[in-house]
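In: 3D model of this:
(2 chains)
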Amino acid sequence: MTILILLPLLSYLVSAFLLLISKKKSSSSGLIALAGSLIAALCGIFPVVHVLGGQGSLDFMSVWNLPLGSFHLHMDLLSAWFCIPVLFISVLAVCYGIGYMSHYKTQYSVKYNWFFLQLLSGGMYFVLLAWDGILFLMAWEIMSFAAWFLVMFDHKKKEVRRAGWVYLAATHLGTAFLFAMFIIASNESGSFDFNHMAGLSASVNILFILALIGFGSKAGLFGLHVWLPEAHPAAPSHVSGLMSGVMIKAGIYGLIRMVMFMDVWSPWWGWTLIAIGICSGLGGVLYAVVQHDLKQLLAYSSVENIGIICMGFGIGILGLSYGNPAGIIGIAGALLHVLNHSVFKTVLFLSAGSVAHATGTRNIDSMGGLARKMPVTSGIFVIASLSICGLPPFNGFVSEVMIYLSSYKSAIFNSSMNTDLMLAALAVISVLALIGGLAVMCFTKVFGVVFLGESRTDCCQGSEDPPPSMLWPMIILVFCCALLGFGGAGAVQMVIPVAQSVCSSAAYYGGELTAVSKLMGQISILMAAFILFCLLLWALRAYLQKNRTISQGPTWGCGYQHGTGRMQYTGSSYVEPLLYAFRTLFHSKYKAPGGRDILPEESYFSSHTPDLFMKFFYTPLFSFLASFFAKLRIIQNGRLNLYIFYIILTLGGILIWGTL
Amino acid sequence: MPLISLLTALILAPFLRSIINKVKAFFAGKQGPPLLQPYYDLYKLSRKGAVYSSVTSWVFRAGPVVALGTSVTALILMPTARISSLFQFQGDLLLFAYILGLGRFFTIAAAMDTGSSFEGMGASREALYSALAEPGLLLGLGGLGLITRSISLSAMYGGINVDFVLSRGLLPAFLFILVAFFIILLAENSRIPVDDPTTHLELTMIHEVMILDHCGVDLAMIEYAGALKIWLMGLLITGLIVPVFTTSLRGSLALSIVSLFLMAMLIGIIESIMARLKLIRIPRLMAVAFIFAAFWVIWVAG
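Out: Numbers count the residues shown, from 1 in each chain, chains lettered A, B, ... in the order given. A predicted model of the protein is given here:
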């Protein structure tokens, strides 16, 4: 069994190698990648099931010739849990990608996309299994760089190159903090091996901060999120699906892994996570609502969901550090939300890709009426939207309910009447409620403007559903949304041992989770009743309409006869009340020239809402750094004779120093 | 008994609208429509054919069905004062709040499906104001959980009694939550001062304009779902008052009905003497509801 944890890694590597040596215009490159990830997933099922089934962790150690670190792989419950989306979703993303990449064939050599995609999947798997600090960092860099090459795939476009730069800077800065973190941790434990790292106690606070920044920049916590809305739209859709659905979760994994090493959890970590979670959740959803770019909107929505996950961990860590058993529900809810988000966010990106492909634009306000042209895609999109809004009976609801329950229970069944915990819990409840409402606003906007009504421009004319090879991966994923939603009880059962392993000292709190699993069963019963009601009502409606005249006509325009698609409510107008209500937070820019004279001239309207972190923090910071380092050009100006002079100077200096 | 209270709700819910309309007619010095008018309307609508816009898709047809389905399901979860709901479990308040959210999603989507700017305007406002109402509702229910030590709606409303309210000095706190829930009720049911249900002019419209294109049995379903929703949200409020006066189950039901009727009269009075707020003021009103709910929670927690 131990050797089986190597096989997926091997499969990814072999397929990547085959891709590298395959012919440039080879049409089978996508199939090689598909075979590689399929074999990896099939081999990976066994160890994952083995570990999640509670039959102990798997451990593999090999010879290692580097002076530092060791080749130590280890799959415990937490790694196995995060392996599920990596193995499963990479197959579906590749399968979708084969169809998606076909229209890039004329411009680029597609095989490199597949090569780096295999490296990315393998890198993520490697990160989850690495059981040594040095190995972890190597895996982390493989993953991050593979993702960079994937983002840069369409590099002939200027905005793609810019996105690549932003991503590269973000991932490098994040990794720098991780280096510092592992060095400090290994100093205390005396080794980079994770076996020795458990039980850190002296430097935990500084380690927590470093982990939060380092891993948080990968996960896209608010403030460190600026690369997501740049990189996700730039990358091909199956790549952004994989990055947003799976790769950013590696950041969450790293953070939990680090926290698991800590001996005693301080309440202020919980507070910090809750505060950051609230900022990410609210900031993410507010920026998501106002975006015009479909994929940028989904990227901000990832920030929101990472915030929800953080709030779950925060309330969990806070509760457990105060000895409140309900904390474990928050941790389990966050872990389940990791899985759920990877499912519905991937399908949202994939369907967004199909829409962008069919219409040739990502601008929501140009689209409209796609439901009649792309019926299957619109059905997929509506289920994924309901899931991401956390509406029953889909999977997002299950994990959000768990985080709510953890908060309610922390506030209500709080034996020591701990006011801190109560306050935090009530804050989480209020914010989750607001986020839920705004998420509904966000996704009714997307669904309503993109798929419903009439098309606003003629970009939607020839659009149709993608071919089956692209539809089936999405159908499988929305089926998982429904399955994990209706089978919420089973999903909770699955996550119980993982949550217990995260808070090892709280193994006896499992009873709390069993109660939650029972509750999910009851929710499923009621939701089944709800679906029955709807079917009955539908039948009643059909019966009542049977002998009546049902006719078609234009939409009622209040007497106006000449409505066009352009006159519909756009996404920008849909969110205008929100922009106004939160105008202090947004700094939106509007442009509407002309039209002030007696005879109005031709005019246009545009609105843009910049990211405040980008505008007021990162752009000034980086332009300052650029101008500062530009001054160093004096000593590095590219003239060869100057460099020779430096060499002579240095040699002379060494000579003098040697003789002294 | 839970079944009886559920049936009562299903039968009497449209009557609340009659009361509101009668009160408004009284203030206007008019006779007003007969008390059974909403029932006639439902009957009449259900016997009509329909005209569907050629722009619409299945979403438009599913909207009313899902809206009514969610209202009925939420009613199954809602206790009538001391009478527990038909179906209850720990944490059912979350399903209650979120299933109403599901109904809202489909109502909004059905409005967007017509491709009309009018309906888009209504949809946008509905989405924003209900999102802003949500925290107050869940926080207020959390406070109720704090004093009754429960996270199930039936146990929460079953746990309130007169000793509780008076002995702990919670009376002022109860006023806060009553006001907060009442504002949320007005917003969620599109009444003045948030929305004007009598008109669908573009300056005032939210809910009425969202259903501009629905007709026949679809409109009947939406109207009925709306009536059930007033009843539902009303129970959130009357459930706080009724247990103070009676402990028997029958008394609870009778008093709940009476107090719901009184509440409908109050809504009618408010609609007669107040104008709609400016749309840009409504987020502030929602903030007031949230702050009142927060006051209440802090009071009961401290």
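
In: looking at the stretch 201-302 of chain B, which residue is nearest chain A?
Out: Residue nearest to chain A within the stretch 201-302 of chain B: B:Pro283 (4.2 Å; CB to the nearest CB). The C-beta positions use only the backbone N, C-alpha and C, and glycine is treated the same way.

In: dump the residue contacts of that residue.
Out: Contacts for B:Pro283 were tallied using CB atoms under 8 Å, 6 or more residues apart in numbering or on different chains; they are A:581, B:128-129, B:132.

In: can I assume it sits in a helix?
Out: Yes - B:Pro283 forms part of a helix when assessed by DSSP: H, G, I helix; E, B strand; the rest coil.

In: tell me the spacing between it and B:Ile192.
Out: 17 Å (CB to CB, to the nearest Å).

In: hmm, back to that, quick check, nearest of the contacts of B:Pro283 to A:Ala489?
Out: In terms of CB to CB, no member of the contacts of B:Pro283 lies closer to A:Ala489 than B:Leu132, at 32.9 Å.

In: let me see the contact set for that closest one.
Out: B:Leu132 touches A:434, A:437, A:581, B:282-283, B:286-287, B:290, counting by CB under 8 Å, 6+ apart.

In: now do the host helix or strand of A:Ala352, average pLDDT.
Out: In this structure, A:Ala352 sits in helix A:327-359 according to DSSP states H and E. In this model, helix A:327-359 has an average pLDDT of 94.

In: ok, then the element right after it?
Out: Next along the chain from helix A:327-359, counting by DSSP H and E, comes helix A:370-373.

In: so for that next one, mean pLDDT?
Out: For helix A:370-373, the per-residue pLDDT averages 90.

In: hmm, who's touching whatever helix or strand comes next after that helix?
Out: The helix or strand immediately downstream of helix A:370-373 is helix A:375-388, counting by DSSP H and E. By CB under 8 Å, 6+ apart, the list of residues contacting helix A:375-388 from outside reads A:301, A:305, A:340-341, A:343-345, A:347-348, A:351, A:354-355, A:370-371, A:394-397, A:439, A:443-444, A:446-447, A:450-451, A:465-466, A:471, A:474-475, A:477-478, A:481-482, A:485, B:57, B:59, B:102, B:105, B:109.

In: okay, now the unreliable bits of the stretch 101-250 of chain B?
Out: B:200-204 (pLDDT under 70).

In: over to the stretch 101-250 of chain A?
Out: For the stretch 101-250 of chain A, applying pLDDT under 70 flags no range at all.

In: who's in contact with the closest residue to chain B within it?
Out: As assessed by CB to the nearest CB, chain B sits closest to A:Phe222 within the stretch 101-250 of chain A, at 19.0 Å. A:Phe222 sits next to A:276, A:279-280, A:283-284, A:303, A:307, A:613 when contact means CB under 8 Å, 6+ apart.

In: and A:Phe153, how close does it get to A:Tyr125?
Out: Per CB to CB, A:Phe153 is found 21 Å from A:Tyr125.

In: of these two, who's got more company?
Out: Ranked by neighbour count (other CB atoms under 10 Å in any protein chain shown), A:Phe153 and A:Tyr125 place A:Tyr125 first, with 27 against 21.

In: give me the element that one is part of.
Out: helix A:111-129.

In: that helix packs against which elements?
Out: Applying 3 or more CB pairs under 8 Å, 6 or more residues apart in numbering or on different chains; DSSP states H and E, we find helix A:111-129 packed against helix A:7-21, helix A:29-52, strand A:71-75, helix A:77-101, helix A:133-151, helix A:237-242, helix A:248-261.
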